[in-house]
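1. after the sequence you'll find the predicted model.
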Amino acid sequence: MPLVAYHLILITIRLGGVWGPAAPVPVPFKGDFGVGSVAYNAPTPFEISFQGQSRCSIMKMRGLYMTLPVAIESAIQQKIESHTAQIGVIGMGYVGLPLAVRAAEIGFSVLGFDVDHTRVVALNNGESYIGDITAARMLAVHQQGTLEATTDMRRLRTCDVIVICVPTPLNHTRDPDLHYIEQASEAIARMLRTGQLVILESTTYPGTTQEIVQPRLEATGLRVGEDVFLAFSPERIDPGQTSSQGWSVENTPKIVGGVTDICTTLASAFYRQITSQVVPVSSPRVAELTKLFENIFRAVNIALVNELALLCDRMQLNVWEVIEAAATKPFGFMKFSPGPGLGGHCIPIDPFYLTWKAREFDLSTRFIELAGEINTQMPRHVHDLVARALNRQRKALNGATVVLLGVAYKKDVDDYRESPVFKVADLLQADGAQIVFCDPHISSFQNHAGHVLHTTPLTTDLLTRSDCAVIMTDHSAFDYEQIVAHATAVVDTRNATRHVVQGREKIVLL
């Protein structure tokens, strides 16, 4: 390079990686990180200096030309907004699969990671195993080649955006079990490279993203917020609501909290491609607590109406009539319904994540814990109602055949995670009852002890031969008039028989 007089140009780099000349000669930019370059073609030789925060590699001089890589965050944001980013989703369950399908539908190339080989085979054959993802949607993304599933975690290296959607259960002492998050984080760390965006969606206690995920990523020597990017954005999947109420991945607002402002910006950019509204918050801890509060709000209010149901039973009042009457108030009241117990992955579990974390701050969350105590009483109350219904026939639980109508934890879905039916069945069997399970959406299932059980088709003959039918889930497919007509006794935990006129003397309401 010849000796020359220098012409000074200042290039400033703003948060978010937006480049711009700050001095007399314009500097055009082009290309992606690691691929294209930033070029300045000056009529005279020059010198480059930097103002602000730069994470770019050292500039290279080529005669009268200067080349620089585009800022890391600018490159990934450009890939996200142009839908050229490779998306990886870890966990192809009720949360991960809807997200992966949505991303694939809008043109992203998506890799779904799962340890279940059966799921991987099904997805690669264009088959759905989740009710909210129809066969037609699954087949469409399969045919356009935008969604592939794999068990090979080494392929995380190729992903630009990685979303963790793994279970967060409780252990045997009802404390948070984060081993799935830990395993996913370690798998990512082994394949981590500069420029990747990692997002945790799994519901967890405040601090998980920065206390569990971030240290594992930074153990590689890469810095979060500089070399790689990390955020928490809680899932808001409500199984069965896609068809019944219209809420789905693409129209449910998304909370996003990044470890740094740039992390929030990039994660928000990704979710703006996926859904109609993104709500940035100041940190992952705020986003983590937001998710817990949403579900604890429901758990506490369900506990209130469950306790009201217990009281109304003793007062010989119809709790359902009371709730319906209260719901006519047009302001200051939100309707919640009692039931046989909590089910699903969120409501029975999430409160314990917060109560566990609260102990670290020397605070007992008594209100939340009391709600948990009330809700866990409900399966026992259902057991007592069955005994009452049998007593009316001068029958004992011991030796009685009890048909449990509904295995799923909620109406019109095939999701039986944490379903109260398991506890109710255990209590009835402990007293000698013979249990038959019926569910139009589930043919076989695994109970909490790990045993595979099968459901039986609901027939008139089965109802006639049984001693009591218990409505655990108010599926639309059940014919409640026929159930009441042919069953000897009915325990209704969902008020599903409210429109049945004939045979009401057989019904015992929750």
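-> Looks like it came in fine.

2. could you list the low-pLDDT ranges of the protein?
-> 1-70, 240-245 (pLDDT under 70).

3. domains in it, by residue range?
-> 8-69, 77-282, 304-509 (automatic domain parsing).

4. from what I can see, Ile374 looks like it's in a helix, true?
-> Yes: Ile374: assigned to a helix according to DSSP: H, G, I helix; E, B strand; the rest coil.

5. please renumber the chain so that the first residue is 6 from this point on.
-> Okay, residue one is now 6; in that scheme the one you just asked about reads as Ile379.

6. isn't it right up against Glu312?
-> Yes: using C-beta atoms under 8 Å, Ile379 makes contact with Glu312 at a distance of 5.1 Å. Yep, even glycine has a C-beta here, placed from its N, CA and C like the rest.

7. quickly find the element holding Val441.
-> strand 439-443 (DSSP states H and E).

8. so what does that strand touch, helix or strand wise?
-> Strand 439-443 is packed against strand 406-410, helix 426-435, with contacts defined by 3 or more C-beta pairs under 8 Å, 6 or more residues apart in numbering; DSSP states H and E.

9. ok, Pro244 - how many residues close by?
-> Residues near Pro244, counting by other C-beta atoms under 10 Å, number 21.

10. so it sits against Lys415, correct?
-> Yes: in this structure, Pro244 is within contact of Lys415 by C-beta under 8 Å, at 7.2 Å.

11. returning to that earlier point: out of the helices and strands packed on strand 439-443, the one nearest His177 is which?
-> Comparing those by their distance to His177 (C-beta to C-beta), the top pick is helix 426-435, with 15.4 Å.

12. and that closest one, what does it pack onto?
-> So helix 426-435, by 3+ C-beta pairs under 8 Å, 6+ apart, packs with helix 371-396, strand 406-410, strand 439-443.

13. could you give the angle of the first one to strand 406-410?
-> This points to helix 371-396. Angle, helix 371-396 to strand 406-410, by axes from the mean of the first three to the mean of the last three C-alpha atoms, to 10 degrees: 130 degrees.

14. which parts of the stretch 6-155 of the chain are strands?
-> Assigned by DSSP state E, counting those that start in this stretch, the strands in the stretch 6-155 of the chain fall at 13-18, 24-26, 43-46, 52-57, 65-67, 70-73, 91-95, 114-118, 152-155.

15. nearest to Leu297, out of the domains of the chain?
-> Among these, the nearest to Leu297 by C-beta to C-beta is domain 309-514 (4.9 Å).

16. quick one: end-to-end length of the closest one, please.
-> End-to-end distance for domain 309-514: 18 Å, by C-alpha to C-alpha, to the nearest Å.

17. chain center to that domain, what's the gap?
-> Averaging C-alpha positions (C-alpha atoms, centre = their mean, to the nearest Å) puts domain 309-514 24 Å from its chain's average.

18. Three-state assignment for Leu315, please.
-> helix.

19. ok, the closest residue to it other than its chain neighbours to Asn176 distance?
-> With C-beta to C-beta, 6 or more residues apart in numbering as the criterion, Leu315 has its nearest non-adjacent residue at 6.4 Å, and that residue is His386. In this view, His386 and Asn176 are 27 Å apart by C-beta to C-beta, to the nearest Å.

20. what's the answer for Met339, then?
-> From Met339 over to Asn176 the distance is 33 Å, taken as C-beta to C-beta.

21. cool, and Pro289?
-> Pro289 is 23 Å from Asn176, where distance means C-beta to C-beta.

22. what about those two, which has more around it?
-> Ranked by neighbour count (other C-beta under 10 Å), Pro289 and Asn176 place Pro289 first, with 31 against 10.

23. can you give me the strands for the stretch 406-515 of the chain?
-> Residue ranges of the strands in the stretch 406-515 of the chain, as given by DSSP E, counting those that start in this stretch, are 406-410, 439-443, 449-451, 457-459, 473-476, 495-497, 512-514.

24. pull out the buried positions in the third one.
-> By that I understand strand 449-451. Residues Phe450 are the ones in strand 449-451 that count as buried (16 or more other C-beta atoms under 10 Å).

25. in its sheet, which strands sit next to that strand, and in what direction?
-> Strand 449-451 sits in its sheet next to strand 457-459 (antiparallel), going by DSSP bridges.

26. before we move on, the earlier item: now the strands of the stretch 406-515 of the chain in TSV, with distance to Ile95?
-> Output for those, formatted as TSV (distance: least, C-beta to C-beta, whole Å):
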stretch	distance to Ile95
strand 406-410	35
strand 439-443	32
strand 449-451	22
strand 457-459	26
strand 473-476	38
strand 495-497	41
strand 512-514	44
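
27. which among these is found nearest to Ala274?
-> That would be strand 449-451 among the strands of the stretch 406-515 of the chain, by C-beta to C-beta, at 39.3 Å.

28. residues contacting the closest one, please?
-> With contact meaning C-beta atoms under 8 Å, 6 or more residues apart in numbering, strand 449-451 is reached by 412, 421, 442, 457-460.

29. so what's the gap between stretch 308-322 and the chain middle?
-> Taking mean C-alpha positions (C-alpha atoms, centre = their mean), stretch 308-322 and its chain are 32 Å apart.

30. oh, that last question was meant for stretch 170-183, not what I typed.
-> Taking C-alpha atoms, centre = their mean, the mean C-alpha location of stretch 170-183 is offset from the chain mean by 14 Å.

31. looking at the helices and strands packed on helix 426-435, which is buried most?
-> Among the helices and strands packed on helix 426-435, the stretch with the highest mean neighbour count (mean count of other C-beta atoms under 10 Å) is strand 406-410, at a mean of 24.

32. got the angle for it vs strand 439-443?
-> Using the same axes, to 10 degrees: strand 406-410 against strand 439-443 is 20 degrees.

33. residues touching Tyr485, list them.
-> Going by C-beta under 8 Å, 6+ apart, the list of residues near Tyr485 reads 476, 501-502, 504-505.

34. could you pull up the residues touching the closest residue to Phe450 other than its chain neighbours?
-> Leaving aside its sequence neighbours, Phe450 sits nearest to Tyr421 (C-beta to C-beta, 6+ apart; 5.2 Å). Counting by C-beta under 8 Å, 6+ apart, Tyr421 makes contact with 348, 412-414, 447, 450.

35. can you do 10 Å?
-> 348-349, 411-415, 427, 442, 444, 446-447, 450-452, 478 (C-beta atoms under 10 Å, 6 or more residues apart in numbering).

36. also Tyr185?
-> Here Tyr185 is in contact with 95-96, 120, 169-174, 207 (C-beta under 10 Å, 6+ apart).

37. before we move on, which element is it in?
-> Using DSSP H and E, Tyr185 maps to helix 184-196.

38. run the chain-centre distance for whichever helix or strand comes after that helix.
-> Counting by DSSP H and E, the element after helix 184-196 in chain order, helix or strand, is strand 202-205. Chain-centre distance of strand 202-205: 14 Å, with C-alpha atoms, centre = their mean.

39. who are the packing partners of the very next helix or strand once past strand 202-205?
-> Using DSSP H and E, the next helix or strand after strand 202-205 towards the C-terminus is helix 213. When contacts are defined as 3 or more C-beta pairs under 10 Å, 6 or more residues apart in numbering; DSSP states H and E, helix 213 packs onto helix 184-196, helix 289-320.
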